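Colleague: Kindly return the folded structure for what I paste below:
(one chain, ligands or ions: 2)
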Amino acid sequence: MKLKDFYKDKPVFIGSFPSVMQIPFSNLKEIAFIGRSNVGKSSLINAVFNAPGLAKTSATPGRTQQLNFFNMQDVLMVVDLPGYGFAKAPKDVVKNWNDNVNTYLKGRAQLHRVFLLIDCRQGIKQVDLDMMKMLDNSAVNYQIVLTKLDKISLSEAQKVKSEISGIYKEHAAMHPLILFSSSEKGIGLDEIRGEIFDLIK
Ligand code: GTP
Ligand code: MG
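Modeller: Numbering: from 1, shown residues only. Ligands and ions are numbered 1, 2, ... in the order given. Model (predicted):
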């Protein structure tokens, strides 16, 4: 399959699952998008796959609360996950989301890449480092995407990027290439499309 053909059709929504046990069986390769609440996971999925409105987005953090599955051309499952680090939801609710996300990430043999999104205005936080460590320990490949590039200057964004490059050696499962994106302005989307396509080629 050529890249152009792969991205020709939109992903198909499979379902929203409150827990890992409810995910229907599939042997497709999988990718997932994680990151702090409001970092732009759902928006990036919609932008990368040319599917406005497919994954539900919101200006208020905590929009995505379940594990959302999308089938791309019967060759790839795309998973939109609830964000972490959201302080406003009730504690037990947050714990439940986090448990689900962690259980999913740790035990998913077909998961080929996690895109770990970081808002480039905020940089990397302790919650991000905790997530990275968990993925390192579970040997889950992850690639960092700095989001909302339209909100800051390129030089500021480069600074955040080199800060993160500086800790690459400490993270066994981290992909060396750090990506930039703006779902709003369409920046960096082709690079992400290329990365995803390489996984299913
Ligand atoms: P949760 O599901 O709550 O964890 O959030 P999320 O990470 O899925 O974020 P979502 O895609 O819902 O976007 C959160 C907010 O950021 C929305 O108001 C989006 O419009 C905005 N946003 C997302 N991507 C970009 C971007 O590239 N640039 C700008 N300026 N805003 C963005
Ligand atoms: Mg979301």
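Colleague: Show me the helices in the chain, by range?
Modeller: 3-6, 41-48, 91-106, 126-137, 154-165, 189-200 (DSSP state H).
Colleague: Residue 177: which of those is closest?
Modeller: helix 189-200 (7.7 Å; Cβ to Cβ). C-beta here means a position set from N, CA and C on the backbone, and glycine is covered the same way.
Colleague: can you give me the offset of the closest one from its chain's centre?
Modeller: Going by Cα atoms, centre = their mean, to the nearest Å, the spacing between the C-alpha centre of helix 189-200 and its chain's C-alpha centre is 13 Å.
Colleague: Return the nearest residue of this structure with respect to ligand 1.
Modeller: As assessed by Cβ to the nearest ligand atom, ligand 1 sits closest to residue 83 within the chain, at 2.6 Å.
Colleague: how close does that residue sit to ligand 2?
Modeller: 6 Å (Cβ to the ion, to the nearest Å).
Colleague: How about residue 181?
Modeller: For residue 181, the distance to ligand 2 - Cβ to the ion - is 15 Å.
Colleague: And for residue 145?
Modeller: Applying Cβ to the ion to residue 145 and ligand 2 gives a distance of 14 Å.
Colleague: State the number of residues packed around that residue.
Modeller: Residues lying near residue 145 (other Cβ atoms under 10 Å) number 26.
Colleague: Contact partners for it?
Modeller: Taking Cβ atoms under 8 Å, 6 or more residues apart in numbering, we find residue 145 in contact with 44, 115, 116, 117, 118, 178, 179, 180, 181, 188, 192.
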